[in-house]
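Novice: Turn this into a structure:
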Amino acid sequence: MGNYHLLEIEFENNGQKQTITPVLLQDDRDLILVDCGYPGFIPQLEEAANRYGLTLASITKLIVTHHDMDHIGSLAALKRAYPQISIVAPELEAPYIEGKSKSLRLEQAESTLSVLPDEAKSQAEQFIRYLQSIEPIPVDQTVSNDERLPWCDGIDVIHTPGHMPGHISLYLLASKTLIAGDVVVIEHGKLNIANPQFTMDLPEAVRSVQRLLDYEIDQLICYHGGLFHGDVKQALRQLLREYAS
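Specialist: Got it, this is the predicted structure:
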C-alpha cells in the first residue's frame, strides 16, 4: 500500500498566521508531491519533507490541482532545482500554468481594480504585481476527469470545478483518501467552500462538493485545513444543506 504524508507548513502572511498542506505520496517507485506552495517555499517544503525522513531531491512527480499562486508558486523553482520532476497538471489548467493563457486570478484582480476605493487600490495593485511575478513552466503530462493514474496503488482524478474551471481533486484508492485541493477547506473544524467570494463559479463549486459524495472517503485532506476529523460524508452533506438554504 502506498503512503501519504501531510506537509503542514505554517507561515505568516500580512501579519496573520496561515497553514497550507501539500501532500507527499510514496510507494516503492515514486515520491509524488501534490501542490507546492507560494513562491520561495522550497526551504519550507524541504523542512516539512525532512520530518518524514524524505527529501525534495527524491521527488519524481509533482501534481498540481490548479493554477492559484499558493499551489504553483514554487513550481518553476522546484523544476530548476530538481529537473527529474515530471510536472502533472489538469488539461484545462495547463495553459495557465504554462503562461499560454493569462491567469484567471490575475484577470479577476484586474477586473475589480477600477471599482475599488482609492485607499484599497495600492494593495490591490501590489497583489496584481505579485500574480504577474508567478513564473510559467511547461507541463510534462496532463490529466483529465475520471482518469486513473497507476502510481501509489491507483489515483483517481476527479474534475472538481468552481474554485477554478480546471480544478481537480485526487482520490487514493488504497486508503480511500481524498486530496481535496481547494474544493473544500476546513474552517473552525467545519467544511466550507474555499473563498466563496473569490470562487470563479460558486454554483459549480457546490456541484463539485455534491460529486464527492460518489466516493467512499475515509480520510479527507484539505490544502487549507489539513486532515478533517469527523464523518466526511455527513460533513459534506451538511455543507450542501447550508448552500441550498
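
Novice: tell me the phi and psi of the spatially most central residue of the chain?
Specialist: Per CA atoms, centre = their mean, the C-alpha nearest to the average position across the chain is that of Gly181, at 3.7 Å. Main-chain dihedrals, Gly181, degrees, to the nearest 10: phi 70, psi -130.

Novice: I'd like to know how far it sits from Thr55.
Specialist: 24 Å (CB to CB, to the nearest Å). The way it works is simple: take the backbone N, C-alpha and C, and place the C-beta from them, glycine included.

Novice: List the beta-bridge partners for the nearest residue to Arg148 once chain neighbours are set aside.
Specialist: Closest residue to Arg148 apart from its sequence neighbours, by CB to CB, 6 or more residues apart in numbering: Asp156 at 5.5 Å. Beta-bridge pairing for Asp156 (DSSP bridges): Arg148, Tyr171.

Novice: Does Asp156 touch Lys176 like I think?
Specialist: No. At 10.9 Å, Asp156 does not count as touching Lys176 under the criterion of CB atoms under 8 Å.

Novice: of these two, who's got more company?
Specialist: Set Asp156 next to Lys176 and count neighbours by other CB atoms under 10 Å: Asp156 wins out with 17 against 14.

Novice: Quick check: that one vs Ala235, distance?
Specialist: Taken as CB to CB, the span from Asp156 to Ala235 is 20 Å.

Novice: Low-confidence ranges, this structure, go.
Specialist: Scanning the chain for pLDDT under 70 picks out 1-2.

Novice: Identify the single longest helix in it, thanks.
Specialist: helix 118-132 (DSSP state H).

Novice: So what are the sheet partners of the following helix or strand past that helix and their directions?
Specialist: With elements assigned by DSSP states H and E, the helix or strand that comes after helix 118-132 is strand 141-143. The strands beside strand 141-143 in its sheet (DSSP bridges) come out as strand 86-90 (parallel).

Novice: Tell me the first helix or strand C-terminal of the partner strand.
Specialist: Next helix or strand after strand 86-90 toward the C-terminus (DSSP H and E): helix 94-97.

Novice: pretty sure Pro39 belongs to a strand, no?
Specialist: No. Under DSSP: H, G, I helix; E, B strand; the rest coil, Pro39 sits outside any strand and is assigned coil.
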